[in-house]
Structures are given as C-alpha cells and as structure tokens.
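Engineer: Model the following, please.
(one chain, ligands or ions: 2)
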Amino acid sequence: MANNNNSNGTGLTAEQLQKEFREHSVAEFFKKNKQMLGLTGKIRTLTTIVHEYVTNSLDACEEAHVLPEITVKITELGNEYYEVMVQDNGPGLTEETVGKAFGKLLAGTKFHRRIQQRGQQGIGAAGATMLALGTTGKPIQVISGNGKKAFSASLTIDSKTNQPKIIKIDDFKKEFSGTAVKAKFKEIKYQRSEQGPFEYLRRTAISNPHTKITFIEPDGTKTVFNRTSKDIPDQPIEVPPHPHGMTVDELLEMTHITKARKVSAFLKSDFDRMGEKAIEEIQKNTHFDLNKDPKKLVWEEAEEITKTFKKITFIAPRTDGLRPIGEERIGKSMKEIVEPEFLSVVERKPTVYQGGFAFQVEACVGFGGNAGRTMGKDDEGTDVKKVEIMRFANRVPLLFDSGGCAITKAVQTVDWRRYGIKDVNSAPLTIFIHMLSVHIPYTGAGKQAVADEDEIMEELRLALMETGRKIYRYVAMKRREEEKQQKRKLFMKYATEVAIGLSGLTKEKKESIEKKLLQIVLHRLKIDESKTEQENAPEEMSEEEIKKENEKEKKQKEKVEKKQTKRKKLK
Ligand SMILES: Nc1ncnc2c1ncn2[C@@H]1O[C@H](COP(=O)(O)OP(=O)(O)OP(=O)(O)O)[C@@H](O)[C@H]1O
Ligand SMILES: [Mg+2]
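Structural biologist: Residues are numbered from 1 along each chain as shown. Ligands and ions are numbered 1, 2, ... in the order given. The predicted model follows:
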C-alpha cells in the first residue's frame, strides 16, 4: 500500500496513485454497505432476510397465477446463529437461472419491467447469499422444480466478480413443485417483537389474503396464517412510461431495446398515451426526420424529443396496471387476523404522482376488540392500548424507518378528534394503509419508507379521513347505546319504589304503573338521544375542505424550503 506522503514529503503523484487504482464489483460494494440493503441490526437483518425470500415467493406465485403456500422455518443453530428456510409452490427456477437468481446481484426478471411487483431491484436474494457467505462461509441450498423435473443446488457468490459459484447441482429424485431455499446466518437474532419475522409474516398475511403462510419459530411454535380468500389477484400488467417525466438518458436507454425501426414507431409503441397528433407535434419541434432508426438517435435529438414532451398535453397516465387488494378482501383479512370490534375500509381511485407514475391508496381502520397494540393493564385490569399503524407498499409490510414515511406523516396530520377519537396514539385502533404503484418512491434503497410526494400525501389523508368518518358514526352510535343502557339501569333502580308509592296514592296496580313508567322513560330516552347526537356531532371535513387544508400545508412547506435554501446560499 502506498503512503500518503512520498519520500520527500510532498504527497503522491498521479503515477503513484495509479498503483492504487482498482475496479470493484457491485457485490463488493454491497458487501461493504450491507446497511443499504436493510441488513443492519441483528433483528432487522433477520426480518430482511425473511422479507427478501418471501417477497420473491409471492411475486413468483403471482406470475405463475397459483394460490401461494409458503412455509418459513427459522432454526436456532447456536448463539446468534440461525438457519432460515423458505419454501413456496411457485413456478420454480431452471438450472440455468438458479445461479443468477441467488448468486448474482442486479440480476432478475423485474428491474426492467414497469410492473406492480414486490421486487424491483434484482438484489434481494443474492444479497442474502452474500450475507450467509460473509457471516458463516457456507453456501446456500436451493431445491427447485416444476412438478415434472426437479434439482437441488448448493451455491454461493464470488463477490470479486459478482458471479454465481455453483458448488454442486444434482437431480432431485422426489416430486417437487416450487422453490425452497435454505441458508445459514450468524450475528442475527430472533425475537417476537414489533419488528421481528412473526409480525412481518402476520402483516404479509393481512395484505395477501389469498396466501397461506406456515411459520415455524426457533422454539418449535407453529403458526398457520390461513388464506381468507381463494381469488388469485389478476396478474399486474406492464405499463409503458408516460412521456411526462421522461429524461433524455431514459429515452436513449429505451432506444437500445426497442423493436421499432423508426423513431415515430418507437414513440407510438413504447410510450403511454402517444397518439398521432402528439407525433406530428414532435416532428414540428424537432430538426430531424422521425423516420430515423431509433438506435441512431444522438443525445441532442433525444433532448429535442423530451423537451417537446413537456409542451404537449397528454392524457393522464394509465392506471389499469394497478392491482389493489380490494375492500372486501382487506376487511375479511383484518377481521380474521386483527379481530376488531368494528372495521372501516376505503379504497381510493387510482391517480398519478409527479413523474407520471400511477398509484392508489387503500386504508382500513379496525376499532375496539383486539385492535391496537396492548401495552399492559391499568389499575382496574383493563388493557392499555396504543395505536397500531401497519404500513404497506405493493402488499409488502414496511416495519422500519416509520418516522420518515409519508404514511406515518399522514396518520399524524389527520385531526382524529373530528372523528370522535380524542387521542389517536392511545386509541384502540389498528390502522392499515396500503400504497400501491408501478413505481413506489422509496426514500432509500432499503425500501422501508415512502417519500412524501404531495399527491401521495393528499390521497393518504383523504383515505384516512374517509375511514375516520365511518369510525365516527360507529363510535357515536356506540356511545348513544351505552348512555341509553345507563339511563335504563338508573330507571330500573327507582321504578319499583316509585310504582309502590304511586300505587298507594292512586290505588292503581303497581305492575301497570311500572309498565307505564318504563314506556315514558323509553320514549324520553329517544328524544334525549337525538338531542345528544346533534349536539355532540363534531364538524366533519368535506373533501373540498381537506384539499384546501392540504394546499395550505403545501404552501407552508414550500415557504420553509425556500427559506432553507436561502439560508444555505447565505452560508
Ligand atoms: N422463489 C422464487 N421463485 C421463482 N423465481 C425466483 C424466486 N426467488 C427469486 N427468483 C428470481 O430471481 C430473481 C432475483 O431475485 P431478487 O430478490 O434478487 O431480485 P428481485 O426480486 O427481482 O428484486 P429485489 O431486489 O427488489 O427483491 C427474481 O427477479 C426472480 O426472477
Ligand atoms: Mg426480490
């Protein structure tokens, strides 16, 4: 290694530094920066490993259009030393693809397709293999088959070259359909905490009601999350990019893989909402013939095209590539797994955020019963509750980095008092929010928090407020019912004595007086009730008001940002 100073103390020359020049593979990079993949902290790392394997299984089953049956088993092998096994009934892999799938970073079937899937990057599975190798030195085991032919493989990753190293591959003699992966890891820890694998799988079961998940914990406890729906979600479809938000670089990249022979045909076939009129407009604004071969486009020409894109008013991007879970399925699943007393589910219409990406929000609030997190018992022995916020992106539970997530911010900025909930933090509520998109704007590569784009924030808040309205109606109804019962009780306490007294005075039968009194009070109760309802009803916000409030917040945010940049410039 070279010193920072050479012999005459003047620092290194370019020639001396040249000796230090190295190339690194992407695997070496991520090996050094594991935290970027969420592989940080002993509990979080284990949850991330389970998450990577399970999301792959679910994506694969969805592509093959089969009802997923997933088994997850975590076995303790020693101190902070575990084996993780995940098995699915998906389409399986081939002997040709298994190496790349589990032993090469940035390889897969999803990165290049604009499709609503759980995986996006092509690093999850190989990242886990790298961690197994880095902490135990051991290869991973994979069994995969399509029902007719199966094989078992033992493999690892060569981090210097980012290439798979197949140690052994054999025919698997038994009938096998799907993929099973088994890997050993050290420096991780199993815990049944809010951020552990149990909670991750419980939430995965809620957001994937068509999935059966069997989980075997290190102490042998077996939990089965049964499916509550037999409908396999429709396969998500690939959505071509919308011209708005397209960069020159992205456009040129698309020209390398297009099948079109002319730029005009390329624009028409590879973009969303591109009509003849738009192409005519582009031709008018560019200095080259659109009959040109797209592969021969140069930067300046591509720039002319993207500049013209911005001037044209295109129809809003397609939203039919989105696959929500659906109100009914979310409701059923929450009922079965959370067991609340009351449920309120809302599915918003798909819309678009900046850059032209379609997205949609689904929300469900469970109230009372077993909803909320139980934090212990108070002096009277009743459960002390805390709100439980379940965040999901493309059906994947997000357990970490909640503070910086748009979903958490949305929950915190809704005025829940308007919906009869005095303190949302200590309310017996389980709030489920699902944001789905062909491209989720995560705040980091760990994919745990959604960025607070204005349009996304607005939709999240609208969805929550809508659920709030339904909760309010239920809470008000419940309160009225309780008041009624209390008053009735009070009356029953005195009715008999009053009836005896009146009977003595009037000589009427005690029973008949008692009956009449009951009728009068019940009649009165009704009047009282309607009064309470009107008087106590807090003002509800209309969608218009919500939009106005969001607008105000947006302006305020812009103001703060402006001030900050001004301050930075002054510095
Ligand atoms: N259980 C499985 N069944 C079938 N194919 C799988 C399975 N697991 C992984 N694959 C294949 O291996 C590829 C690589 O998986 P990996 O998790 O590394 O990346 P990804 O899922 O594409 O993206 P991300 O890094 O965001 O998870 C996948 O794209 C998929 O084609
Ligand atoms: Mg994956």
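
Engineer: any idea of the mean pLDDT for stretch 168-186?
Structural biologist: Summarised as a single mean, pLDDT over stretch 168-186 is 96.

Engineer: And it, what's buried?
Structural biologist: By 16 or more other CB atoms under 10 Å, the buried positions in stretch 168-186 come out as 172, 176-186. Bear in mind the C-beta positions are built from the backbone N, C-alpha and C, glycine included.

Engineer: Check stretch 208-226 too.
Structural biologist: For stretch 208-226, burial by neighbour count (16+ other CB under 10 Å) applies to 208-215, 217, 225.

Engineer: now, which of the buried residues of stretch 168-186 sits nearest ligand 1?
Structural biologist: Closest approach to ligand 1 among the buried residues of stretch 168-186 (CB to the nearest ligand atom): residue 179, at 3.8 Å.

Engineer: quick one: the closest one is in a strand?
Structural biologist: Yes: using DSSP: H, G, I helix; E, B strand; the rest coil, the secondary structure at residue 179 is a strand.

Engineer: Which residue, other than its chain neighbours, is closest to residue 455?
Structural biologist: Residue nearest to residue 455 in three dimensions, not counting chain neighbours: residue 353, with 4.1 Å by CB to CB, 6 or more residues apart in numbering.

Engineer: I figured the one you found was touching residue 452, is that so?
Structural biologist: No: look at residue 353 against residue 452 with CB atoms under 8 Å: they stay out of range, at 10.5 Å.

Engineer: Those two: which has the busier surroundings?
Structural biologist: More neighbours sit around residue 353 than around the other of residue 353 and residue 452, counting by other CB atoms under 10 Å; the figures are 21 against 18.

Engineer: Between the two ends of stretch 202-214, how far is it?
Structural biologist: Distance between the two ends of stretch 202-214: 10 Å, counting by CA to CA, to the nearest Å.

Engineer: again but with stretch 226-234, I slipped
Structural biologist: In terms of CA to CA, the two terminal residues of stretch 226-234 are separated by 20 Å.

Engineer: how far does it sit from the chain's center?
Structural biologist: Taking the mean C-alpha point of stretch 226-234 and that of its whole chain, the gap between them comes to 18 Å (CA atoms, centre = their mean, to the nearest Å).

Engineer: which parts of it are buried?
Structural biologist: Going by neighbour count (16+ other CB under 10 Å), the buried part of stretch 226-234 is 227-229, 233.

Engineer: after the helix or strand encompassing residue 201 comes which helix or strand?
Structural biologist: Here residue 201 is covered by helix 197-207, with elements defined by DSSP states H and E. Toward the C-terminal end, the helix or strand that comes next after helix 197-207 (DSSP H and E) is strand 212-216.

Engineer: List the residues that contact the closest residue to ligand 2 within the stretch 151-300 of the chain.
Structural biologist: Ligand 2 sits closest to residue 181 of the stretch 151-300 of the chain, with a gap of 11.6 Å, by CB to the ion. With contacts defined as CB atoms under 8 Å, 6 or more residues apart in numbering, the neighbours of residue 181 are 53, 85-87, 102, 125, 140-142.

Engineer: Nearest residue to it in space, please, no chain neighbours.
Structural biologist: Using CB to CB, 6+ apart and skipping residues adjacent in sequence, the residue nearest residue 181 is residue 142, 5.2 Å away.

Engineer: Show me the shaky parts of the stretch 401-550 of the chain.
Structural biologist: 525-550 (pLDDT under 70).

Engineer: Please repeat the previous calculation with a cut-off of 50.
Structural biologist: Applying pLDDT under 50 to the predicted model, the residue ranges of the stretch 401-550 of the chain that meet it are 527, 529, 533-540.

Engineer: Tell me where it has helices.
Structural biologist: With DSSP state H, counting those that start in this stretch applied, the stretch 401-550 of the chain shows helices at 406-413, 454-506, 510-536, 543-570, listed in chain order.

Engineer: Tell me which of the ones you listed sits most buried.
Structural biologist: Of all those, helix 406-413 carries the top mean neighbour count, a mean of 21, counting by mean count of other CB atoms under 10 Å.

Engineer: What residue in the stretch 401-550 of the chain comes nearest to ligand 1?
Structural biologist: With CB to the nearest ligand atom as the measure, the residue in the stretch 401-550 of the chain that lies nearest ligand 1 is residue 447; the distance is 7.0 Å.

Engineer: measure that residue to residue 42 for me?
Structural biologist: Applying CB to CB, to the nearest Å, the value for residue 447 to residue 42 is 20 Å.

Engineer: same thing with residue 378?
Structural biologist: Plainly put, residue 378 is 33 Å away from residue 42 if you go by CB to CB.

Engineer: Find the residue at the geometric middle of the protein.
Structural biologist: The C-alpha lying nearest the average C-alpha coordinate of the chain belongs to residue 393 (CA atoms, centre = their mean; 1.8 Å).

Engineer: neighbouring contacts of the helix or strand hosting residue 334?
Structural biologist: Counting by DSSP H and E, the element that carries residue 334 is helix 327-338. Residues outside helix 327-338 that contact it (CB under 8 Å, 6+ apart): 202, 205-207, 209-210, 225-226, 228-229, 231, 325, 340, 343, 345-347, 362, 364, 366, 369-371, 430, 432, 434.

Engineer: if we can go back for a sec, orientation of the helix holding residue 201 relative to helix 327-338 in degrees?
Structural biologist: The directions of helix 197-207 and helix 327-338 differ by 150 degrees, with axes from the mean of the first three to the mean of the last three CA atoms, to 10 degrees as the criterion.

Engineer: circling back: could the buried residues of stretch 168-186 go into a markdown table alongside distance to residue 334?
Structural biologist: As requested, the buried residues of stretch 168-186 are arranged in a markdown table below (distance: CB to CB, whole Å):
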| residue | distance to residue 334 |
| --- | --- |
| 172 | 39 |
| 176 | 34 |
| 177 | 31 |
| 178 | 28 |
| 179 | 29 |
| 180 | 30 |
| 181 | 30 |
| 182 | 33 |
| 183 | 33 |
| 184 | 36 |
| 185 | 33 |
| 186 | 37 |
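
Engineer: Which residue, neighbours along the chain excluded, lies closest to residue 122?
Structural biologist: The spatial neighbour of residue 122 that comes closest, neighbours along the chain excluded (CB to CB, 6+ apart), is residue 108 at 3.5 Å.

Engineer: Spatially, which two of the buried residues of stretch 208-226 are the most separated?
Structural biologist: Greatest spacing in the buried residues of stretch 208-226, by CB to CB: 210 and 217 (23.7 Å).

Engineer: ok so residue 169 is a strand residue?
Structural biologist: Yes: using three-state DSSP, the secondary structure at residue 169 is a strand.

Engineer: who's in contact with it?
Structural biologist: 95, 98, 151-154.

Engineer: which residues of the stretch 51-200 of the chain fall in helices?
Structural biologist: Here the stretch 51-200 of the chain has its helices, by DSSP H, counting those that start in this stretch, at 98-103, 124-136, 197-207.
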